[in-house]
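**Student:** Please find the sequence and the predicted model below.
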Amino acid sequence: MALLQIAEPGVGPESNTQRKVAVGIDLGTTNSLIAHFDGASLQVLQDGSGSPSLPSVVYFGASDVRIGQAAMAQASAEPANTIASAKRMLGRAREEFEDDPYVTLAPGDTLAFATAAGAKTPVEVAAAILAALRERAEPQLDAPISGAVITVPAYFDDAQRQATRQAAELAGIKVLRLLNEPTAAAVAYGLDEQAEESSVLAVYDLGGGTFDVSLLRMRKGIFEVLATGGDSALGGDDFDRALADHILAELALANPSSTQRRKALQSARDAKEALTEQESVTLDVSDLAEALSEITIDRSLLDSLIAPFIERTLHACRETLADAEVAAVDRVVLVGGSTRTPSVRKAVAECFGLEPLCSLDPDQVVAMGAARQADILVGNRAGDEALLLDVIPLSLGLETYGGLVERIIDRNSTIPVARAQEFTTARDGQTGLIVHVVQGERERVEDCRSLAQFELKGIPPMVAGAARIEVTFRVDADGILEVTALEQETGARSDVVVKPAFGLSEGQITEMLKAGYEHAGEDMQARKLGEAQVEAEGLLAGLRAALAKDGDLLSDAELRDLEQNAAALEAVMAGNQPEAIRDATESLGRATETFAARRMDRSIQAALQGVAITDLESDQEQGDGR
Amino acid sequence: MRLRRKLHRLIVNATPGAPARDYFALFQIQPELTLDEATLEQSYHALLAKFHPDLYAGQSQMEQRMAAQLCADINSAYQTLSHEVTRAEYLLSRAGVDLEAAERQGVGGEFLMKQIMLRERLEETPSDDATAREALHAEITTLYQSSRDGCAQSIAASDWSAAARCWQEMCFLSKLQEAARPEAR
């Protein structure tokens, strides 16, 4: 493996002749946005009519698919074909929505909506929204998008993150990073604040369907998430539903039709928005029922209906504060449209003892932060950007004997992270075992979320307790988990990248992509070839640069071996076989492993040299005994 | 069939199959219990500034993977070394001490009694009596510090059985200290 182009802090990459176009996407429950940073200014890209936000609504008609406003226009005529708030169903199980009166599920085992265009999974709905955003951006930026940072609620679990990645893949978007929404908002707010010594920022993010709270510390060049918490199924939609239920009850509609429900929900939304400015609002409900033609709702009624939801958010805030072990918060930032509700603002101010900030548009701030980070990740670095250290929101563990959870990685661990633990067998002669991976904070398996199960076979029969099985968890920078189990004596090994149990299979994705390319008239083979060539060129360029700088780390024989591998890759690169190029790239990559490891060690020393000097100046401190 | 009985936490390199990277060597510091935590944090940040996966997002997949693995090691190393109790545990396992056996052997009746009495006193102290809780917290802290100093000396002298006993005392006392924190809810 490589790591041939070791990053030099403060120095942009030399080959950066052309600025790559990257975008930030806020895939929201209610609205989605796409933003771009061109090195000087940040802009949230608008549609033809000047609106920055795209309603996260997709209409699947018998003959066409519409997205955004055009889809919303179909909502009352064809409610079942018009899918809204699909985000809250991403990566989730069918059982969780079977009793939901607001959705019409297609028959079968998977979670999918029944539409005139057939069964549509939440991943496909999200993909349609992402594709529409890409199509909005590319003509305006006059370039294909090289990559995107897509934001997800911090509290999204592994399956929900995987499902988001799948949606991007289906939409033909390369994901540079999944970024937690509150972290993205903090990036947008934190940019002007780098001069400050050290400050703690709380982000309270209440969207349509999700709630997140994060605490971050900003200090010279490092932006560190201390703790994150929330609820991935709590948001402004709950406010709307509570109010809609109230309206239906007032109208004495015990068994409302789905049309009546939708109308009530729309009235509830209108009322909620009106009540951010006014003390009371009168709704015309004449088309909903015959009993009444008008209903008046005042702010105190709304406040009492939504109070239980707000209390749940405050509870999460208090827990997160305790997790972060911070004494005081310097600033509180509001994100998400639902923070416009006056009683939410008041409750947040009381909870943190601070007047919250909302100088950036709470609907746009997440996309803005994501765009900024995307520009950095795609390689347009100026060198003085703050480094972002994010965490995993929920603990990860394994089921052990008796249905108990053994925690392997604690929540709020900085990612990427790898942790291992050794286990043994429970019975004499046990030759296989099931590795059941779970996520959550509770002690019993049934109270946690099941992420994956796999089997390790081929353990030699031994007495109980004699086998040594090493289980390793690795979480990457996107918060996605990979688990490996290894029996130490025999080397029997089994591993799994945790795939969303409720998402799409690899085969389904390949099929859909193929269909998409045929539709767009693109050649999948040509695209694969292009990608393989780019990857190969990158590796060769990196190798040449590395040899020029650190060639002295290699013996003559090692150098010859590398050169042979490089020549082999160059030989196949001109051809039209993507697989051959991939194989040669991989083999060259493997050949560079030792070289790369030595370069890393040399570069670790260089990185620590600066610290060693300040070490002499700083006083020897005793820990405070924690 | 399920997994049974946890053995001890392992130290692994994030690179599958590779030998474990020594955490002290990674930060280029002496393997001792007493260390300057501020300098450790500076070193941690200096390493991340060079190896964080964000800096490699535009590069080849292999480079991304390698950076992620090294960074995972850096994060795990920092998490382990930045707290005294886990640092002591790491020093012991690094020296080949069987921590399971040490745990079975226990800390001795005298310490156990002392610990039970402290816990009883904590339960009897009302959580709104800030003065009393602060006094108890200070007392536990002093005991913890003495176990920690004992552990540091035993490690320096390579007296591993004494170090393992002190480490267990540290585990008990740090939990008690956490529970007795005046602001704890």
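**Tutor:** Nice, thanks for sending it over. Residues are numbered from 1 along each chain as shown, chains lettered A, B, ... in the order given.

**Student:** Got the domain ranges for chain A?
**Tutor:** Domains of chain A are assigned by automatic domain parsing as A:22-181+A:367-384, A:183-234+A:310-363, A:236-306, A:396-497, A:523-606.

**Student:** looking at those, which is closest to residue B:174?
**Tutor:** Ranking the domains of chain A by proximity to residue B:174 (CB to CB) places domain A:183-234+A:310-363 first, at 13.9 Å. Every C-beta, even on glycine, is put in place using the N, C-alpha and C of the backbone.

**Student:** First-to-last residue distance for that closest one?
**Tutor:** Domain A:183-234+A:310-363 stretches 15 Å from its first residue to its last (CA to CA, to the nearest Å).

**Student:** tell me the mean pLDDT over that domain?
**Tutor:** Confidence for domain A:183-234+A:310-363, expressed as mean pLDDT, is 88.

**Student:** ok so, going back, turn the domains of chain A into CSV, columns for distance to residue B:151.
**Tutor:** As requested, these are exported to CSV (distance: least, CB to CB, whole Å):
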stretch, distance to residue B:151
domain A:22-181+A:367-384, 37
domain A:183-234+A:310-363, 24
domain A:236-306, 51
domain A:396-497, 23
domain A:523-606, 28
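
**Student:** Reformat the ones you listed as a markdown table; add mean neighbour count and distance to residue B:80.
**Tutor:** Formatted as a markdown table, the domains of chain A follow (neighbours: other CB atoms under 10 Å in any protein chain shown; distance: least, CB to CB, whole Å):
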| stretch | mean neighbour count | distance to residue B:80 |
| --- | --- | --- |
| domain A:22-181+A:367-384 | 21 | 24 |
| domain A:183-234+A:310-363 | 20 | 18 |
| domain A:236-306 | 17 | 41 |
| domain A:396-497 | 18 | 10 |
| domain A:523-606 | 16 | 17 |
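
**Student:** mind checking which of these is nearest residue B:107?
**Tutor:** Across these, closest to residue B:107 is domain A:396-497 (CB to CB), at 23.4 Å.

**Student:** Would you map the strands across the stretch 251-400 of chain A?
**Tutor:** Along the stretch 251-400 of chain A, the segments classed as strands by DSSP state E, counting those that start in this stretch run A:280-284, A:294-298, A:331-335, A:387-389, A:396-400.

**Student:** With residue B:95 as the reference, name the closest of the domains of chain A.
**Tutor:** Comparing the domains of chain A by CB to CB, domain A:396-497 comes nearest, at 17.7 Å.

**Student:** sorry, back to before: output the strands of the stretch 251-400 of chain A in a markdown table; the columns should cover distance to residue A:145.
**Tutor:** Below are the strands of the stretch 251-400 of chain A laid out as a markdown table (distance: least, CB to CB, whole Å):
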| stretch | distance to residue A:145 |
| --- | --- |
| strand A:280-284 | 42 |
| strand A:294-298 | 44 |
| strand A:331-335 | 24 |
| strand A:387-389 | 21 |
| strand A:396-400 | 32 |
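
**Student:** For residue A:579, which of those is the nearest?
**Tutor:** That would be strand A:396-400 among those, by CB to CB, at 34.7 Å.

**Student:** that older thread, in a markdown table, list the strands of the stretch 251-400 of chain A along with distance to chain B.
**Tutor:** As requested, these are exported to a markdown table (distance: least, CB to the nearest CB, whole Å):
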| stretch | distance to chain B |
| --- | --- |
| strand A:280-284 | 39 |
| strand A:294-298 | 36 |
| strand A:331-335 | 20 |
| strand A:387-389 | 6 |
| strand A:396-400 | 5 |
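
**Student:** Of all these, which one is nearest residue A:47?
**Tutor:** That would be, of the strands of the stretch 251-400 of chain A and by CB to CB, strand A:331-335, which comes in at 22.2 Å.

**Student:** what bridges to the residue in the stretch 201-350 of chain A positioned nearest to chain B?
**Tutor:** The minimum distance from the stretch 201-350 of chain A to chain B, using CB to the nearest CB, falls at residue A:222 (5.6 Å). For residue A:222, the beta-bridge partners under DSSP bridges are residue A:219, residue A:387.

**Student:** same check, this time on residue A:214
**Tutor:** residue A:203, residue A:228.

**Student:** didn't the residue of the stretch 201-350 of chain A closest to chain B look like it was pressed against residue A:386?
**Tutor:** Yes - Residue A:222 is within contact range of residue A:386, at 6.5 Å (criterion: CB atoms under 8 Å).
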